[in-house]
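> Sequence first, predicted model second:
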Amino acid sequence: MKYPVYERFYTWQGEGVHLGRAAYFIRLYGCPQACPWCDSAGTWHRDYRPDGVTLMGADELAEVVRAESPDGAVVVVTGGEPILFDLNPLTDALHALGRRVHIETSGIAPLRGELDWVTLSPKPFGQPPLPEVVALADEVKIIVHDPGDIQAGLDTLTGLREDAVIWLHPEWSKARERDLSVLNAITQAVKENPRLRAGYQMHKLYRADDLDAHSDKRLIPLGGNAALGY
């Protein structure tokens, strides 16, 4: 099987439980959610599809991971929406290297592959996650563009394990605005429900991904909408 690789790069995980951990990212092309604030619109927006989307087999990707990152670095399969693909060949090849494999997904299809860590990022305004994927999640990342997104995201999590961590992440443009409504809403939600955690996209402050030659450095507007910009 060949996977459509939008970009791949070695950096560190900037979010969630594994914040700060060395990680090799494989970002696959294709996603039906079309989030209006998507920070990876090049993975699905027709106006920003790069020339360099490469079809790569599982063994080929595993060899790239081996060559471009040291033992001990986890592999994060993201997108786009990686759950659209049968990841069994890829996870088998990466496990043969001794790597742990994580996935970042909105959970809209059955999960195919042996994953060591599942990060679920539900999109309640689009296709909600399948209950079977919610049950597999190790952590949840709710993106908060508007205060109402908090409860909307929580409402998709029926069947979530008690030990799964729930993060509230301000959407990146909101995280930098002087309007503190989103940040204040996250703070209040965490104070009211101690199971919730306030999150942030730390790698963007460092611009860590830009240091790898393979990362996509084009200034693609959020959601592919030039009116939003960055």
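Noted; the coordinates are in hand.
> Which strands border the longest strand seen in the chain, and is each parallel or antiparallel?
Within the chain, and with DSSP state E defining each element, the longest strand by residue count is strand 2-12. Strand partners for strand 2-12, identified by DSSP bridges, are recorded as strand 22-28 (antiparallel), strand 54-57 (antiparallel).
> What residues of the first one count as buried?
What it means is strand 22-28. For strand 22-28, the neighbour count (16 or more other C-beta atoms under 10 Å) marks Ala23, Tyr24, Phe25, Ile26, Arg27, Leu28 as buried. Just so you know, the C-beta spots here come from the backbone N, C-alpha and C atoms, and that holds for glycine as well.
> ok, back up a step: nearest to Ala34, out of the strands paired with strand 2-12?
Among the strands paired with strand 2-12, the nearest to Ala34 by C-beta to C-beta is strand 22-28 (16.0 Å).
> what's in contact with that closest one?
Residues outside strand 22-28 that contact it (C-beta atoms under 8 Å, 6 or more residues apart in numbering) are 3-13, 40, 43, 61, 65, 68-70, 72-82, 84-85, 90, 102, 209.
> Okay, strands next: where are they in the chain?
Remark: strands assigned in the chain by DSSP E are 2-12, 22-28, 54-57, 74-78, 101-105, 117-120, 139-144, 165-170, 196-198.
> returning to what we had before: output the longest strand of the chain in PDB with nothing but the alpha carbons.
What follows is strand 2-12, C-alpha atoms only, in PDB (Å, rounded to 0.1, in the frame of the first residue of the first chain):
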ATOM      1  CA  LYS A   2       1.100   3.500  -0.800                       C
ATOM      2  CA  TYR A   3       0.400   6.500   1.500                       C
ATOM      3  CA  PRO A   4       0.100  10.100   0.200                       C
ATOM      4  CA  VAL A   5       2.700  11.900   2.200                       C
ATOM      5  CA  TYR A   6       2.100  15.700   2.300                       C
ATOM      6  CA  GLU A   7       5.200  16.300   4.400                       C
ATOM      7  CA  ARG A   8       7.500  14.600   6.900                       C
ATOM      8  CA  PHE A   9       9.800  16.100   9.400                       C
ATOM      9  CA  TYR A  10      11.700  15.500  12.600                       C
ATOM     10  CA  THR A  11      11.000  17.900  15.500                       C
ATOM     11  CA  TRP A  12       9.300  17.500  18.900                       C
END
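> How many neighbouring residues does Met1 have?
Neighbourhood size, Met1 [other C-beta atoms under 10 Å]: 12.
> shouldn't it be in contact with Met56?
No - Met1 is beyond contact range of Met56, at 10.0 Å (criterion: C-beta atoms under 8 Å).
> Of the strands paired with strand 2-12, which is nearest Arg112?
Closest approach to Arg112 among these is made by strand 22-28 (13.1 Å; C-beta to C-beta).
> Which entries within the contacts of strand 22-28 meet the buried criterion?
In those, burial by neighbour count holds for 3-13, 40, 43, 61, 65, 69, 73-82, 84-85, 90, 102, 209, counting by 16+ other C-beta under 10 Å.
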